[in-house]
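# Next input, structure requested:
(one chain, ligands or ions: 1)
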Amino acid sequence: MPRLANSVHHYDIRVSDNDHWTATGLVNGKSILLIIGGGIAAYKSLELIRRARERGARVRAVLTPAAQQFVTPLAVSTLCEEKAFTELFDLKDETEIGHIRLSRDADIIIIAPATANLLARMANGLADDLATSVLLAANKPILAAPAMNWQMWENPATRRNLARLRADGLHFTGPAEGAMACNEWGVGRMAEPAEILDAAEGILNAEAGPLKGAHVLITAGPTHEPIDPVRYIANRSSGKQGYAIAAAAAALGARVTLVSGPVALAPPANVRLVRVESARQMLEAVEAALPAEIGIFTAAVADWRAADEHAQKIKKLGKAKAPTLTLAENPDILRTVARRASQRPPLVIGFAAETENIVDYAKKKLAAKGCDWIVANDVSAEIGVMGGDDNQVLLVTNDGAEGWPAMGKDEVAEKLMQRAAAFLRDKRSGLAAAAAE
Ligand code: C5P
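Numbering: from 1, shown residues only. Below is the predicted model of the structure:
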């Protein structure tokens, strides 16, 4: 059997702040169980095996009967340098390595291509071949890379199956939009092998992350407060900082609920996104998502809403008769959650956008809202934080204020979540020590 070039030991080391190093994105030394479904994209799974092995992973593969119409077990086993698994009822293999062992031995299971049929069988808990039996018995994270004709992808039956599988905790990457093997154009092309491996690395990282098991609840974006059916009060918040925090929390292993006002951003991977419009809807969604270990309130919630929402569009009645808008105060979501008697998250973080006296105002806000930390930033027009990609913040706690250098919003997010993870760890060990006394 031909030997592949030696594995490239591929570490992506990033300095996330001055006092620690994080190694991220490793399939190096990990075992991947690849389930190959029966679709034309199966040819790309051969490439996936090559790329995974280059990154230092061990790959074992299972082919469904339909997959074997597209790629051969011989090609797969040659690239894996392992037997390719195809049969559920192979007495020899069931004694040597059965479907339970296949999943137990893996660190992650990747389904590529995940066909509509395979997803449908999984969504219904079927175990009628080796692939579905392995998947039903799996105790490891599962990443699916769907690939199918765009109409199959959009079919309500597939949408139902996906929703079910997502709720069951399956991870997805892709599909992408593009030309299809059937000469049509649409969403349904399998993600590229490198993207699939990047997604797998993200999941493996999260599995070992310091926020594993914690629920992080985040608000983001502006709110829209209706005046009438076509008009609303809004603000310029882009939602970028909150979305970056959601992504950073998920990357550290947290279960993330992101309650978002209307923004033009793609949802971060592995985050439960709850879309809302108004402040009142946002509060309702936040309270419904409790309990959480950490609450982070980045949303630029409108302070006021129209006191009376008109059921019909307000008519222009001539110059002298411009309507008067009466405003009513919105609920303060941060304050409401931070002051809850029950289910108050152990760590509540607010944001303060100020244009002057930042530290002073942030300290006052910390006390007024009842939160634990305030991340304060200068949003005066010349700084360009609103809508921009960079941010310069001060972390204000009861112990004082700490200025962070200007950095990308994603770096602020990562640094903040590392801090939050350390806070939770200290709190947990403090509680454990107190219990032991
Ligand atoms: O009061 P101010 O808008 O400056 O407070 C900012 C902080 O309070 C942010 O964390 C913001 O998300 C939160 N907030 C809120 N609900 C409001 C107003 C602000 O959650 N109605």
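# Break this protein into its domains for me.
Under the assignment automatic domain parsing, the domains of the chain span 12-179+187-207, 215-431.
# So what's the model's average confidence on stretch 129-140?
Here stretch 129-140 scores 93 as its mean pLDDT.
# can you check stretch 69-86 too?
The average pLDDT for stretch 69-86 rounds to 95.
# for that stretch, how far is the first residue from the last?
Terminal residues of stretch 69-86 lie 12 Å apart, using Cα to Cα, to the nearest Å.
# re earlier: any chance of JSON lines for the domains of the chain, columns mean neighbour count?
From N, CA and C alone the C-beta is placed, and that goes for glycine too. As requested, these are exported to JSON lines (neighbours: other Cβ atoms under 10 Å):
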{"stretch": "domain 12-179+187-207", "mean neighbour count": "19"}
{"stretch": "domain 215-431", "mean neighbour count": "18"}
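# Which one, of those domains, ends up nearest to the ligand?
With Cβ to the nearest ligand atom, the closest approach to the ligand among those belongs to domain 215-431: 3.3 Å.
# Could you tell me the end-to-end distance of that closest one?
Between the opening and closing residues of domain 215-431 there is a gap of 18 Å (Cα to Cα).
# can that domain be found next to the ligand?
Yes: interface with the ligand: domain 215-431 contributes 219, 279, 297-299, 301, 330, 332-334, 350-352 (Cβ under 6 Å from any ligand atom).
# can I assume residue 62 is in contact with residue 36?
Yes: counting by Cβ atoms under 8 Å, residue 62 touches residue 36, with 7.0 Å between them.
# Contact partners for residue 227?
233, 306, 309-310, 314, 325 (Cβ atoms under 8 Å, 6 or more residues apart in numbering).
# if we go to 6 Å?
Each residue near residue 227 by Cβ atoms under 6 Å, 6 or more residues apart in numbering is listed here: residue 306.
# mind listing which of the residues of domain 215-431 next to the ligand are in strands?
Secondary structure defined by DSSP state E assigns 219, 297, 350-352 of these to strands.
# I'd like these laid out as CSV, including distance to residue 416 and pLDDT.
Output for these, formatted as CSV (distance: Cβ to Cβ, whole Å; pLDDT from 0 to 100):
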residue, distance to residue 416, pLDDT
219, 15, 98
297, 13, 98
350, 12, 97
351, 10, 95
352, 14, 90
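# all helices of the stretch 201-350 of the chain, in order?
In the stretch 201-350 of the chain, the helices defined using DSSP state H, counting those that start in this stretch lie at 240-251, 279-289, 333-338.
# Adding distance to residue 357 and mean pLDDT as columns, could you present those helices in a markdown table?
Listed next are the helices of the stretch 201-350 of the chain as a markdown table, based on distance: least, Cβ to Cβ, whole Å; pLDDT from 0 to 100:
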| stretch | distance to residue 357 | mean pLDDT |
| --- | --- | --- |
| helix 240-251 | 21 | 95 |
| helix 279-289 | 26 | 98 |
| helix 333-338 | 20 | 98 |
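# and the ones you listed as JSON lines, adding distance to residue 397?
Listed next are those as JSON lines, based on distance: least, Cβ to Cβ, whole Å:
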{"stretch": "helix 240-251", "distance to residue 397": "17"}
{"stretch": "helix 279-289", "distance to residue 397": "22"}
{"stretch": "helix 333-338", "distance to residue 397": "14"}
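# looking at these, which is closest to residue 426?
helix 240-251 (17.7 Å; Cβ to Cβ).
# list the helices and strands that closest one packs on?
If you count contacts as 3 or more Cβ pairs under 6 Å, 6 or more residues apart in numbering; DSSP states H and E, helix 240-251 packs onto strand 215-220, strand 255-260, helix 409-436.
# Switch the ones you listed over to TSV; also include distance to residue 70.
Converted to TSV, the helices and strands packed on helix 240-251 look like this (distance: least, Cβ to Cβ, whole Å):
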stretch	distance to residue 70
strand 215-220	41
strand 255-260	36
helix 409-436	39
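# Verify the contact between residue 265 and residue 243 for me.
Yes: the pair residue 265 and residue 243 passes the contact test of Cβ atoms under 6 Å, sitting 5.1 Å apart.
# Tabulate the CA atom coordinates of stretch 235-243 in PDB.
Taking Å, rounded to 0.1, in the frame of the first residue of the first chain, the C-alpha atoms of stretch 235-243 are listed here in PDB:
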ATOM      1  CA  ASN A 235     -30.200  53.400  15.800                       C
ATOM      2  CA  ARG A 236     -26.900  52.800  14.100                       C
ATOM      3  CA  SER A 237     -25.700  49.600  16.000                       C
ATOM      4  CA  SER A 238     -24.200  47.100  13.500                       C
ATOM      5  CA  GLY A 239     -24.300  44.100  16.000                       C
ATOM      6  CA  LYS A 240     -20.700  43.300  15.100                       C
ATOM      7  CA  GLN A 241     -19.300  43.300  18.600                       C
ATOM      8  CA  GLY A 242     -22.200  41.100  20.000                       C
ATOM      9  CA  TYR A 243     -21.900  38.700  17.100                       C
END
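# Just the residues contacting it, thanks.
218, 220-222, 263, 265, 268, 298, 300, 386-387, 409.
# now stretch 123-140
Stretch 123-140 has contacts (Cβ under 6 Å, 6+ apart) with 35, 62, 64, 88, 99-100, 102-103, 106, 108-109, 121-122, 161, 164-165.
# Equivalent analysis for stretch 162-175, please.
So stretch 162-175 is contacted by 123, 142-147, 187-191, 196, 199, 203 (Cβ under 6 Å, 6+ apart).
# With just CA atoms, put stretch 217-224 into PDB.
Only the C-alpha atoms of stretch 217-224 are listed here, as PDB (Å, rounded to 0.1, in the frame of the first residue of the first chain):
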ATOM      1  CA  LEU A 217     -26.700  34.600  26.700                       C
ATOM      2  CA  ILE A 218     -25.900  37.600  24.500                       C
ATOM      3  CA  THR A 219     -28.000  40.500  23.200                       C
ATOM      4  CA  ALA A 220     -26.800  42.200  20.100                       C
ATOM      5  CA  GLY A 221     -27.800  44.800  17.500                       C
ATOM      6  CA  PRO A 222     -30.300  47.600  17.600                       C
ATOM      7  CA  THR A 223     -33.900  47.300  18.300                       C
ATOM      8  CA  HIS A 224     -36.700  48.600  16.000                       C
END
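# what's the spacing between residue 277 and residue 410?
Plainly put, residue 277 is 26 Å away from residue 410 if you go by Cβ to Cβ, to the nearest Å.
# got it, and residue 400?
Noted for residue 400: a distance of 26 Å to residue 410, by Cβ to Cβ.
# Just the pLDDT for residue 28.
The score at residue 28 is 81. That number is its pLDDT.
# got a pLDDT number for the closest residue to it other than its chain neighbours?
Spatial nearest neighbour of residue 28, chain neighbours left out: residue 56 (3.4 Å); criterion: Cβ to Cβ, 6 or more residues apart in numbering. Here, the pLDDT recorded for residue 56 equals 92.
# now swap in residue 9 and tell me
At residue 9, the pLDDT value in this model is 31.
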